[in-house]
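Undergrad: Any chance you can model this:
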Amino acid sequence: MCSVCSTTVERRGYEVKIGSQLVNLPVVPLGDDLALALLITVDMGVDFMSRAGAELAAILRPHDVEIVATVATMGIPLAVEVTRHLGLDQYVILHKTPKIHLADAVTETVRSITTDGEQRLLFDRARIKDVEGHRVAIVDDVISTGASTGAALRLLRRIGANVVAIGTLVTEASVWRSSLGDDADMVQSLGAIPVFRPDGSGNVVEDWAG
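TA: This next block holds a predicted model:
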């Protein structure tokens, strides 16, 4: 682990505005030359997620979204709130871990910056009817490399969804833009954060290129 990054994190963290809310995120090392500001939605509290969901829903509303989709697990609290504030009832989850109802799931390969190795997104075939031919907004907590979002796009389009918007609490650096290509134009975000690199003097510096 990067001891330089660890001591810096304990001292200050990273302050970012997410919509109308100002939060301080812990910065943790991911390796010797990379540290990330972590936004853990399940630790943010009900009030924060409700307000963030309302603000993201307001941005997505002009797209006439019929159903919200997200990637488990950290995207679920956001999907619930965006769905509620859009006045909808149903949302769908693209899972990353096998479950009994996903034995015959539609799958798509994905590799995430915060997860070791290759994973698969799994979508319950029983929910295809809820997205096929419908206007879908993908929402997620953070868009970093764009890998999870890209995989979600490919899977949903393969089963007939019309993805009309992508919403996130924060984008991280800018690698996701090249990863998503033309689909990057669909991304709507409440905030933006960099990744961090040690500067050799006991601190970390912001890296917006990633």
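Undergrad: Hmm, Asp124 is touching Ile100, no?
TA: No: taking contacts as Cβ atoms under 8 Å, Asp124 lies outside contact range of Ile100: 10.8 Å. (Glycine included, C-beta is placed from N, CA and C.)
Undergrad: who's more crowded, these two?
TA: Counting neighbours by other Cβ atoms under 10 Å for Asp124 and for Ile100 shows that Asp124 has the greater number, 18 against 5.
Undergrad: quick one: pLDDT of the more buried one?
TA: The predicted structure scores Asp124 at 98 on the pLDDT scale.
Undergrad: mind listing what it touches?
TA: With contacts defined as Cβ atoms under 8 Å, 6 or more residues apart in numbering, Asp124 is in contact with Val92, His95, His101, Leu102, Ala105.
Undergrad: same question, Thr149
TA: By Cβ under 8 Å, 6+ apart, the residues touching Thr149 are Val71, Ile138, Asp140, Ile143, Ile166, Trp176, Leu180, Val187.
Undergrad: Give me the neighbour count for Gln90.
TA: 11.
Undergrad: Next, give phi and psi for Leu169.
TA: Torsion angles at Leu169 (phi, psi; degrees, to the nearest 10) stand at phi -70, psi -50.
Undergrad: Show the low-confidence segments of this structure, by residue range.
TA: Counting by pLDDT under 70, the ranges of the chain that qualify are 1-11, 111-117.
Undergrad: Could you tell me which helix of it is the longest one?
TA: The single longest helix within the chain, with elements called by DSSP state H, is helix 46-60.
Undergrad: Mind jotting down where the strands sit in the protein?
TA: 14-18, 21-25, 27-31, 34-37, 67-71, 91-94, 106-110, 119-123, 135-143, 162-172, 187-189, 192-193, 195-198, 204-207 (DSSP state E).
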